[in-house]
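Asker: Any chance you could fold what I've pasted below:
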Amino acid sequence: MIERFLKQTSFVSQDDFKKNLEFIVPDNFNFAYDVMDAWAEEKPGKVALIWTNDEGECIKFTFKDIKEQTDRTAAYFMQLGIGKGDMVMLILKRRYEFWLSMLALHKIGAVAIPATHMLTKHDIVYRNTRAGIKAIVCVGEEYVLGQVAAAMPESPSVKVLVSVGPEVPEGFHDWHKEWPEAPAFVRPEHPNSNSDTMLMYFTSGTSGEPKMVAHDFLYALGHLTTGVFWHNLSEDSIHLTVADTGWGKAVWGKLYGQWFAGAAVFVFDHEKFTADKIMRQIEKHRITSFCAPPTVYRFMIHEDFSKYDLSSLRYCTTAGEALNPAVYDKFLKLTGIRLMEGFGQTETTMTLGTMPWTEPKPGSMGLPNPQYDIDLVKPDGTPCEDGEKGEIVIRTDKGKPIGLFKEYYRDEELTRQAWHDGVYHTGDEAWRDEDGYYWFVGRIDDVIKSSGYRIGPFEVESALMTHPAVLECAITGVPDEIRGMVVKATIVLSKAWRDRAGDELVKELQNHVKHETAPYKYPRVIEFVDELPKTISGKIRRVEIREKDKKR
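Answerer: Presented below is the predicted three-dimensional model:
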């Protein structure tokens, strides 16, 4: 499959990758037709999707099944009045209907807008009105149905509501009653061009109001490197990415790149995360490849690995936040598997990563993906030398890279602020070592300026994570009359240490940081909490911690 889209399909070194990665870009590329339907023709009986849930149900979809059922879903949507360019919000959790809906919308040329099931009425109204959403397809659960229904009086653009059950209240179409009766699918004559909008995400809101990140149809092609190379997948792989379908990580790890490789995508539809549940699924279904945010690995390494048979696992990756070296080391000791880190944003595919042919450096994001022209720049825009901290940017003066977003939809000013003069500014700060590896410092907005020093939260978090008392932590700055700001650590303690929370442990942790990193970085303020505020995708919401501190 990938030979249709790459001039060279395998690489032996980063230098080889950098010199020879070159895409073959079809006219009017459409992932649903050009990849999924092509697999259905070539290998109809090959398992494409394995779906299971908390109740033990398990459904396997072959590539032939996926083609037939996405054709039917596309016909069903068209019967409901959904057409090319229409905005459709999907609030489907990890229901298998998400995958059918995504591909069906691609076939129609409509715009898919995945969203989390935790949205409130206010959130839904905001999205409906800002994006001009025409249809909502959602899980038939009391909370979601209630919030969607409550939003309708203030959402004049919405014309179609669909529930996939189990509940289907008045005003909602019944997917499982109506879907089987859909007419035969007739492929639209011209569903899309490469530059049309295919997918849109509202950012996770770690700071400020959500932005509408619009991607064109080539975004899916950009994820070929994510699944085939970073995840190191092949046709015999069974891949599990831990991610809710409401966030971009789902299509990073549960859709495009994995199916370019012909792998089986494994989906565990569960309500509440525990490391034990995930590890049981890996054992039971013989998962070969696993990707999760560092948060998941932090919880996994505190489990008793002797209780699980994880021998099927061959490859593990992580992204979403920077990986603490202490977590890398412990996971390697327990499994013999090196965690291969990757970095990107909702606005991009993977921009930095540790590929199979590179040696990981624990805590590093890895090397630039040659799909992008990556650089580090100082505040004045000049390039950084090795060892200097700067902002990660993507140079676009030679053209927009495959995988980079189109725009912040309906917000030209915001787009110009982030992307101007041939440079897209990520807003993330890092430094580069002499081997070209990038090391995360923090969001530029998160960097703490104390007594003239610039302190990245990740530097302090990494130091704290090497202490056995610390299960999770978040570093923020709090105002200080003398120093401008001082470092604060908000810490979740490991079970064995929770009864020791107090001044003595505070002092011990402060001294530990002074020993592990530069003494000026130690947290002068430490707060012990039961849990950290996070987005549903697992990212720590430092902005929420800062806001709470301001109110005190």
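
Asker: State the mean pLDDT of the lengthiest helix in the chain.
Answerer: Using DSSP state H to define each element, the chain has its longest helix at helix 63-79. Summarised as a single mean, pLDDT over helix 63-79 is 98.

Asker: Buried ones in it, by neighbour count?
Answerer: Residues of helix 63-79 classed as buried: 63-67, 69-78 (neighbour count, 16 or more other CB atoms under 10 Å). C-beta here means a position set from N, CA and C on the backbone, and glycine is covered the same way.

Asker: Tell me the spacing between residue 62 and residue 336.
Answerer: Using CB to CB, to the nearest Å, residue 62 is found at 33 Å from residue 336.

Asker: out of those two, which sits in the busier spot?
Answerer: Between residue 62 and residue 336, counting by other CB atoms under 10 Å, residue 62 is the more crowded of the two (18 against 8).

Asker: Can you name the residues that contact the residue nearest to that one when sequence neighbours are not counted?
Answerer: Leaving aside its sequence neighbours, residue 62 sits nearest to residue 45 (CB to CB, 6 or more residues apart in numbering; 5.4 Å). Counting by CB atoms under 8 Å, 6 or more residues apart in numbering, residue 45 touches 62-64.

Asker: would you turn those residues into JSON lines with distance to residue 7?
Answerer: Shown next, in JSON lines, are those (distance: CB to CB, whole Å):
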{"residue": "62", "distance to residue 7": "30"}
{"residue": "63", "distance to residue 7": "25"}
{"residue": "64", "distance to residue 7": "30"}
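
Asker: packing partners for the longest helix of the chain?
Answerer: For helix 63-79, the elements it packs on are helix 38-42, strand 47-53, helix 97-108, judged by 3 or more CB pairs under 8 Å, 6 or more residues apart in numbering; DSSP states H and E.

Asker: Could you point out which of those sits nearest residue 297?
Answerer: Nearest to residue 297, of all those, is strand 47-53, at 21.7 Å by CB to CB.

Asker: Run the chain-centre distance for the closest one.
Answerer: 20 Å (CA atoms, centre = their mean, to the nearest Å).

Asker: Taking the centroid of this protein, which residue is nearest it?
Answerer: Geometric centre of the chain, nearest residue: residue 249, 2.1 Å, by CA atoms, centre = their mean.

Asker: Start from the N-terminal end of the stretch 201-350 of the chain and give the strands.
Answerer: In the stretch 201-350 of the chain, the strands defined using DSSP state E, counting those that start in this stretch lie at 212-216, 238-241, 264-269, 289-292, 315-318, 339-344, 350-353.

Asker: hey, which of those is tucked in deepest?
Answerer: Sort the strands of the stretch 201-350 of the chain by mean neighbour count, taking mean count of other CB atoms under 10 Å, and strand 289-292 sits at the top with a mean of 28.

Asker: Who are the packing partners of it?
Answerer: Judged by 3+ CB pairs under 8 Å, 6+ apart, strand 289-292 is in contact with strand 238-241, strand 315-318.

Asker: Buried deepest among the helices and strands packed on helix 63-79, which one?
Answerer: With neighbours taken as mean count of other CB under 10 Å, these reach their highest mean count in helix 97-108, at a mean of 26.

Asker: How far off centre is that helix?
Answerer: Offset of helix 97-108 from its chain centre (CA atoms, centre = their mean): 19 Å.

Asker: Which SSE is immediately downstream of it?
Answerer: Next along the chain after helix 97-108, taking DSSP states H and E as the criterion, comes strand 111-114.

Asker: That following strand: what's the following helix or strand?
Answerer: Using DSSP H and E, the helix or strand that directly follows strand 111-114 along the chain is helix 121-131.

Asker: contact partners of that next one?
Answerer: 87, 89, 113, 115, 119, 133, 136, 147-148, 150-151, 154-155, 157-158, 200, 202, 209-210, 212, 409-410.

Asker: Next: stretch 411-420.
Answerer: 211-212, 347, 396, 407-408, 424-425, 427.

Asker: So which bits of stretch 294-310 are buried?
Answerer: By neighbour count with 16+ other CB under 10 Å, stretch 294-310 contains the buried residues 294-301, 308, 310.

Asker: for stretch 345-361, same thing?
Answerer: By neighbour count with 16+ other CB under 10 Å, stretch 345-361 contains the buried residues 345-355, 358, 360-361.

Asker: now do stretch 165-177
Answerer: Residues of stretch 165-177 classed as buried by neighbour count (16+ other CB under 10 Å): 168, 172-173, 175.

Asker: Tell me the one of these nearest residue 49?
Answerer: Among the buried residues of stretch 165-177, and counting by CB to CB, the member closest to residue 49 is residue 175, at 17.5 Å.

Asker: quick one, phi psi at the closest one?
Answerer: phi -50, psi -50 (degrees, to the nearest 10).

Asker: just checking, it touches residue 163?
Answerer: Yes - taking CB atoms under 8 Å as the definition, residue 175 is a contact partner of residue 163 at 6.5 Å.
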